[in-house]
Structure formats: structure tokens, C-alpha cells
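1. pasting the structure only:
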């Protein structure tokens, strides 16, 4: 007779060591472990939590005590909540909209795993807790008992209820004593813990109802540490913003020069109701498209942003910072943008190495136009109940990267970009007046290279004269390139790219010249550099200017971007086509002006999309209303300029999301090189139709040549 198949209803039977593994895997570091216990004290309505550390550099005799004056726990809560990992006790409180804690706080925790922080710190745990009207509870755990092959349910834990021994005279709270430490603490790890504790609350809004005190017997380990109050006056730029729905409802920026900066005046800037948008890749259309940023699509709530921005240029610092190294060290450890929910920090945003906003990456690509984490101290403030769509990861390394998080991230990045635009305006003025002496890119390094070659290679070396001749030729060619870089940038090749490529090779040359044996390498690199320069020069060589009719140029520009105009639903009002009773030609470089017209129309397309204009239109006209000039006018029915004209034409200043601020700067330089002007006229300066009077108006003014059309013979 065949045996009957086995069948049982089973349950998981975990081994005891799973508790140890959970503690190791879920809590990343000792500092995070202590912060989790501090957060537990916050949830327990504590007003003060004190961390005491003694002999922690010797694990066998060291002791860590975390004590709070919160509402405490009774026997049943310890048994049914504290000793049940993953309990939904706090999660249920959070979801119960009617729940109000005695101190009117919303629980920070919800997963029931923060208590594993005690295991991360030491093997022997004594927990003493007292709830109002209840007896004192004593819990003793030796984590070493779990490091074996026993089943979890077979490891005994000693829980006792007794008359008050520690919390007397009606006091309540929880005290956790940790001994037989798992880690030998060092000066560095203590300083890191101190930094973590001080950053638990936002530096901009202190929680008066919740204080954390840190006490250690090795006070010398904390010597020389600067605080936020020590360095905040060293910042030059400050900003705050409120984000709600699809807008920055309020943005305030202030530049405050130090008293020693007599040449500069402070500046304030305010904006309201700034629509948020960004470009994202559309997989259906297989291209980047403009998309609205709207945090109201999710439960994120209102976001408050604050930031201080610093300038670490050595010459700037010498004007107002005494402890330059201290400031730089502080910013290296504490710089970045942190996130706070109900005033308590969400880890690990703003930690060294966590470039969650891509600030460092973008600064590498555009160092003069972007900020990095080590020059900003920022805070993002969220409301706990309103931001339920932002869910923290179990390992305490930020939010789960879902759609809500991505929208949240986009809103913060957009806000910072608007602030950085304002900062760049003042930074430019700051550097112009007080910055380090300007080094001419490429030219200065070529001179250094020339001197090194002259000293390092003997006169008898046949390669010396050849290399020096090539270096001279490179210098001459580069001057030509830099003189006409405008055309290269208009064609999509910016001077910054040219400089970057050339500087890389020059840096390598300077290094190898120090090795007298590397003549062949020097010669090879020099020839390569010469070819690179020659290639750039051929690409951007200036073409001669000639008298050109502007109407065909405008038509050519529109033909070049016809598809783009149709794709974005933009119609052209071609007033320029009407017969004129004045001369409509100008002496110009066709390719430069063609590129400029296209750049300006491209700008209009972007802002028409950004402003969500329904009937998008661009008006193009030729006018002689500006005395002495033939003027090409391009106007749109979009939201208009968000920057003053004098700032809009400066490089690296732009309010376009992801823009580098080079287009209008190039247009300005191109018109200057033509002896003309780039104008941002008011609607009253020219005949502008009503639909376009509130939009962006840009004018290319070409100077008329005197007496050109008059017979000067007798």
C-alpha cells in the first residue's frame, strides 16, 4: 500500500540570530542607531533626551545611557509592543486621523524596527521605563544569547514590574543602559555622532519642545567643533521658498555683502506664483518634452525650503572669514540639503557623499554656474501628516523612490535652480570687484608650458625648437578662436568646450615636461594639441560680412525650425513680409545672424510652453522706428522676461530649467561685434500688436551706414 503524501499547515520558525541580523542590516551605523532611539523618545512625548557616554573607547567597560522624560511604557506595552518587532502600533496611530498624542506630536516611526538600534550599540541592555500611574518596568536583554542555533522563541528575556526605583515622585520616562559595547568608539566617531545629533533638528527652526543633550567623559574629543551659529554669518546669499501644488508660491532671496565689501550693495529679490516645469524623456514620443511639476498630484503637502549659500574663493574669504579652514571643514561635513519632517531629520539626505539633488555632478559640468553641496546649507521642511506619499525606506536611507518622491525631487531641484540664478547675478558682481585675479584660460598655461620646455630641454635637443614653434603657433591660433568663439557657440560648439579640451592636453604636457626623458611624449602631445586647435579654428573661422537682406534671413531661420514650430503649436505673425518704405538690408555675417534669430525664437518656444499659453504666437517685424538703426523685432505672447535685461545677457544666468544662460549672452556679443545693439524694448518703443505687448520682446538693431544711399559726388 502506497504511503499517503505528507501535508501540514506550517508557520515560519525563525532562529534567534535573525534578531541580530535584522539589527545589523536595518541600522547602518552606530550614529543612526542612537538617532533611532532619540526619535523613539520624541514619539514618547519627551521634552529632553540625554545621551551619556563613558569609557566608550574601551568596549568591555564602556557604557552608553539614553534617557528621556517622555510618557514611558508599562508592562503590557513593553511585552506587546517593544518586544514585537514590526508592530503596527505607531502606524495605526499615524493612520488614525483622530489620534492626538499627549504632546500633539505625530509619530515619526511606523515600522517598529527602531529599537534594533540598541543591538547595534552593545550586547547587554537594561531598559527601565515608567508610565504615569503604573509601576516601573525593568527589561534585561543579553544579545549574546541570540548568537546560537536556538529558536527565537526559546531565548528567555527577563521582564519585571516593580515599585519605582529610578523614576520617583511621579516622574515618567525611559532609560536604556547599554554595556559590553560592540564597537570601540574613537575621536572621529564621537565627532560624527555629535554632528548627527546636532543636525537632527533643522538649523533654521529649532524645536523648543524637544532638546537633545550630549554628555561624554572625553570632552577633549569635541574640542574645536564649530556650530551653525558660528558660521552662518559667513554666508553671502540666503533664500527661502514655499512650494505648493504646481507653483513656488513665494520665493525670497537676499545678497548680504560683508562690511568690508564697500564696493557692493546688498540686494533683495522676491517672486510669487512661479510655475514649475521640467523636461523629461517621453518614451512614446521618443524625445524630451516639457512637463508640469505638480506635487498636489500626491500627498506631499506644502514644502518649505531655506538655504544659506557660501563663496569659498580664497580672495573672497580673506575679506571676512577669520577661521577659513574651520569654515571649509564645517561645510565639508555639514554642507548639502537636508530633509526634515515635523522638524526632525529624515536620513540620509544631506549626508557627505549623498548627492541626491545632483548638485556636485552638475557643478562639474558647469562650475561657474552651479553650486555644490559644500557651499550650501539647506533644509526642506515637510509636514508629517500631509506627506504620506513620501515613505521612508526601512534601512533609513531616505524615501522610497516612487513617483511621489520623483515629483518631490523635481520640485526641489527647480526651486534651487531659481535661487542659483539670483545668486549668479550677485556672484558675478562679487567676483568682478573682489575675486581672485583672473587667469586667462589656455593662454596662461601655454606660457607656463613654454617656460617649462625652455628650462627642461637642452639646446642640443633637436625637438626643443620644434616644440616651441608649435606652442607659439597654438597660441596664435587660440587667440583667433577666442576672438571668434561666438560663431562656434552659435553652431553648438561653446568656447568652454574648446577650452576644456585644450586645457586637458596642456595639463598633461606640463606634467610630462618635468620628466626630461619624455621628449617624444611632449612632441606627440604638442602636435596633437596643434591639430585640435587647427580643427576648431577651421570649424569656427569667421566669414566675411556683406550687405544682406534681412527678410530672406528671417525666412531661412523659420524654415530651419519649421518642424519645431509645428511640433509646439506655435504660429508666426510675419509682419516683416509686408513691403517697407525703408531699406531692409544690413551689413552682417549671415550665419551669425541666422543662428541668433533661431536662438531667440527657440527661447520664445520654451517660455510659451512654460507659460502654458493656449494660442502660442511669435511676432516678427522689421522697423526703422529706432533712429539710425534697422531693427529686427521678435516678440511673443508668453509670460515675458523674468530677469532684468542687464542680467539676462550675462553668461550662466538663466531662469530656464536646465539652461546655462548662454543664448542671449551670445546674441548680445554678436550684435556688439556688428556695431549694433541687442535691445529689450518696452511695448511703447515700437509698434507692437496688443497680443504681444505683455510678452518677451527682443530687438536686433543694426546701425545704418551714414550717407550710404546718398550721392556724395559734386
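-> On my side now, so go ahead. Predicted model, so just to flag it, every value in this text is computed and none were measured.
2. How about the secondary structure of the closest residue in space to residue 693 that isn't next to it in sequence?
-> In space, and not counting its chain neighbours, residue 693 is closest to residue 683: 3.7 Å by CB to CB, 6 or more residues apart in numbering. Just so you know, the C-beta spots here come from the backbone N, C-alpha and C atoms, and that holds for glycine as well. Here residue 683 is coil, with the state taken from DSSP: H, G, I helix; E, B strand; the rest coil.
3. ok, residue 683 - contacts?
-> By CB atoms under 8 Å, 6 or more residues apart in numbering, the contact set of residue 683 is 692-694, 697.
4. which one among those residues gets closest to residue 22?
-> residue 694 (61.2 Å; CB to CB).
5. check which helix or strand covers that closest one.
-> Residue 694 is part of no helix or strand when elements are defined by DSSP states H and E.
6. Quick one: residues contacting it.
-> With CB under 8 Å, 6+ apart, residue 694 has these contacts: 637, 640, 683.
7. Residue 691 is in contact with the first one, correct?
-> Yes - the pair residue 637 / residue 691 is scored as a contact, 5.0 Å apart, by CB atoms under 8 Å.
8. Need the overlap of contacts for those two.
-> 617, 619.
9. which intervals of the stretch 101-250 of the chain have sub-threshold pLDDT?
-> 101, 109-114 (pLDDT under 70).
10. Strands of that one, start to end?
-> 122-130, 136-142, 158-162, 173-181, 211-216, 237-244, 247-255 (DSSP state E, counting those that start in this stretch).
11. what comes up buried for the helix or strand that the last one is followed by?
-> On the C-terminal side of strand 247-255, the closest following helix or strand by DSSP H and E is strand 267-275. Residues of strand 267-275 classed as buried: 269, 271, 274-275 (neighbour count, 16 or more other CB atoms under 10 Å).
12. Likewise for stretch 250-258?
-> Using 16+ other CB under 10 Å as the test for burial, stretch 250-258 gives 250-255, 257.
13. got JSON lines for those, with distance to residue 350 too?
-> Output for the buried residues of stretch 250-258, formatted as JSON lines (distance: CB to CB, whole Å):
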{"residue": "250", "distance to residue 350": "23"}
{"residue": "251", "distance to residue 350": "21"}
{"residue": "252", "distance to residue 350": "22"}
{"residue": "253", "distance to residue 350": "21"}
{"residue": "254", "distance to residue 350": "22"}
{"residue": "255", "distance to residue 350": "24"}
{"residue": "257", "distance to residue 350": "27"}
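14. Phi and psi next, for residue 620.
-> Phi and psi for residue 620, reported as degrees, to the nearest 10, are phi -130, psi 130.
15. Let me fix that, I meant to ask about residue 678.
-> Here is the backbone geometry of residue 678 (degrees, to the nearest 10): phi -100, psi 120.
16. can you name the two of the buried residues of strand 267-275 that are farthest apart?
-> 269 and 275 (17.6 Å).
17. Find the nearest non-adjacent residue to residue 590, please.
-> Spatial nearest neighbour of residue 590, excluding adjacent residues (CB to CB, 6+ apart): residue 548 at 5.5 Å.
18. what helix or strand is the one you found on?
-> strand 546-549.
19. Which strands border that strand, and is each parallel or antiparallel?
-> strand 585-588 (antiparallel) (DSSP bridges).
20. if we can go back for a sec, looking at residue 637 and residue 691, which has the bigger crowd around it?
-> Neighbour totals were compared for residue 637 and residue 691, and residue 637 leads with 25 against 14 (other CB atoms under 10 Å).
21. secondary structure class for residue 701?
-> Under three-state DSSP, residue 701 comes out as strand.
22. and the gap between it and residue 624?
-> Computed as CB to CB, to the nearest Å, the residue 701 to residue 624 distance reads 10 Å.
23. With neighbour numbers in mind, choose between these two.
-> More crowded of residue 701 and residue 624, by other CB under 10 Å: residue 701, with 21 against 15.
24. surely that one meets residue 626?
-> Yes - between residue 701 and residue 626 a contact is recorded at 5.6 Å, counting by CB under 8 Å.
25. who touches both of the two?
-> residue 679.
26. how close does residue 255 get to residue 665?
-> In terms of CB to CB, residue 255 sits 21 Å off from residue 665.
27. What of residue 304?
-> In terms of CB to CB, residue 304 sits 34 Å off from residue 665.
28. do the same with residue 391
-> According to CB to CB, residue 391 stands 44 Å off from residue 665.
29. what do you get for residue 71?
-> In terms of CB to CB, residue 71 sits 61 Å off from residue 665.
30. count of residues packed around residue 665?
-> Using other CB under 10 Å: residue 665 sits among 20 other residues.
31. what's the closest non-adjacent residue to it?
-> Distances taken as CB to CB, 6+ apart put residue 651 closest to residue 665, at 4.4 Å, once the chain neighbours are dropped.
32. Secondary structure element for that neighbour, which one?
-> Counting by DSSP H and E, residue 651 is found in no helix or strand.
33. any idea how far it lies from residue 417?
-> For residue 651, the distance to residue 417 - CB to CB - is 16 Å.
34. Among those two, which residue is more densely surrounded?
-> Per other CB under 10 Å, whichever of residue 651 and residue 417 has more neighbours is residue 651, with 22 against 19.
35. tell me what the helix or strand in which residue 432 is found is packed against?
-> Residue 432 is part of helix 403-434 when elements are defined by DSSP H and E. The contact analysis (3 or more CB pairs under 8 Å, 6 or more residues apart in numbering; DSSP states H and E) places helix 403-434 against strand 237-244, strand 247-255, strand 267-275, strand 277-282, strand 303-309, helix 314-317.
36. With respect to residue 347, which of these lies nearest?
-> strand 303-309 (18.2 Å).
37. what sits up against the closest one?
-> Applying CB under 8 Å, 6+ apart, the set of residues contacting strand 303-309 from outside is 202, 204, 232, 235-244, 295, 337, 371, 375-382, 408, 411-412, 415-416, 419, 423.
38. for the record, mean pLDDT for that strand?
-> In this model, strand 303-309 has an average pLDDT of 97.
39. roughly how far is that strand from the heart of the chain?
-> Relative to the mean C-alpha coordinate of its chain, strand 303-309 is positioned 11 Å out (CA atoms, centre = their mean, to the nearest Å).
40. What angle do strand 247-255 and it make with each other?
-> Orientation of strand 303-309 against strand 247-255 (axes from the mean of the first three to the mean of the last three CA atoms, to 10 degrees) gives an angle of 20 degrees.
41. residues contacting the residue lying closest to residue 271 once chain neighbours are set aside?
-> Residue nearest to residue 271 in three dimensions, not counting chain neighbours: residue 251, with 4.6 Å by CB to CB, 6+ apart. Listed by CB under 8 Å, 6+ apart, the contact partners of residue 251 are 239-242, 270-272, 274, 415, 418-419.
42. so what's residue 251 bridging to?
-> Residues in beta-bridge contact with residue 251 (DSSP bridges): residue 241, residue 271.
43. For residue 473, which three-state class applies?
-> On the basis of three-state DSSP, residue 473 is classed as helix.
44. Make JSON lines out of the contacts of residue 251 and add distance to residue 150.
-> Shown next, in JSON lines, are the contacts of residue 251 (distance: CB to CB, whole Å):
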{"residue": "239", "distance to residue 150": "57"}
{"residue": "240", "distance to residue 150": "56"}
{"residue": "241", "distance to residue 150": "55"}
{"residue": "242", "distance to residue 150": "55"}
{"residue": "270", "distance to residue 150": "65"}
{"residue": "271", "distance to residue 150": "64"}
{"residue": "272", "distance to residue 150": "64"}
{"residue": "274", "distance to residue 150": "61"}
{"residue": "415", "distance to residue 150": "54"}
{"residue": "418", "distance to residue 150": "59"}
{"residue": "419", "distance to residue 150": "57"}
